[in-house]
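In: after the sequence you'll find the predicted model.
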Amino acid sequence: FQIPPQLPDRQLSTEVRHNIFLAVKEILNNALKHSEARRLTLKFSVSADAFEISIKDDGHGMASEPADTATRFKRTGHGLANLRERLAAINGRFEIRSEPGGGTEILLTVPLGKHSLPLSSIHTTRNGTA
């Protein structure tokens, strides 16, 4: 895990958190099932206007995305098409960097603008916690 020591004082909307959680879960599941990787790195980075999650493995990689994903993920579910839809729903971007024998890196980028609120603007619940 690589997480910046300082994170912005922002909270993501429920929709964004839900879609990111399910996307990361799908990526990790695909890596475990298909990559034959020995090492997996999960990295978070944040800028003023977006955050990015990178999931990279040292597995066998994959050939060009369109042909390969159609055959590799067709038998197990919706796979990468689901990921694209999830990110599109929150105005995010989904990118795959891979080549045979070179591992795979998947990048999820989500703009912070309308999807986040300053933590100070979050209303408290009855017991006083956010």
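Out: That came through, no problem.
In: now for the chain, the helix or strand with the poorest mean pLDDT.
Out: Lowest by mean pLDDT, DSSP states H and E among the helices and strands of the chain is helix 65-72, with a mean of 46.
In: let's see the pLDDT reported for Gln11.
Out: Note on Gln11: pLDDT of 81.
In: pull out the buried positions in the helix or strand where it lies.
Out: Per DSSP states H and E, Gln11 falls inside strand 10-12. By neighbour count with 16 or more other C-beta atoms under 10 Å, strand 10-12 contains the buried residues 11-12. (Glycine included, C-beta is placed from N, CA and C.)
In: next SSE after that strand?
Out: Next helix or strand after strand 10-12 toward the C-terminus (DSSP H and E): helix 14-30.
In: what comes up buried for that next one?
Out: For helix 14-30, by 16+ other C-beta under 10 Å, it's 16, 19-20, 23-24, 26-27, 30.
In: output the contacting helices and strands for that helix.
Out: In terms of contacts (3 or more C-beta pairs under 8 Å, 6 or more residues apart in numbering; DSSP states H and E), helix 14-30 is packed against strand 50-57, helix 79-89, strand 104-111.
In: these: which one's closest to Leu7?
Out: Minimum separation from Leu7 across the helices and strands packed on helix 14-30 (C-beta to C-beta) falls at strand 50-57, 8.8 Å.
In: rounded mean pLDDT for the closest one, please.
Out: Taken as a whole, strand 50-57 has a mean pLDDT of 95.
In: packing partners of it?
Out: With contacts taken as 3+ C-beta pairs under 8 Å, 6+ apart, strand 50-57 sits against helix 14-30, strand 40-46, strand 104-111.
In: please convert those to a markdown table, extending it with distance to Glu52.
Out: Shown next, in a markdown table, are the helices and strands packed on strand 50-57 (distance: least, C-beta to C-beta, whole Å):
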| stretch | distance to Glu52 |
| --- | --- |
| helix 14-30 | 11 |
| strand 40-46 | 5 |
| strand 104-111 | 5 |
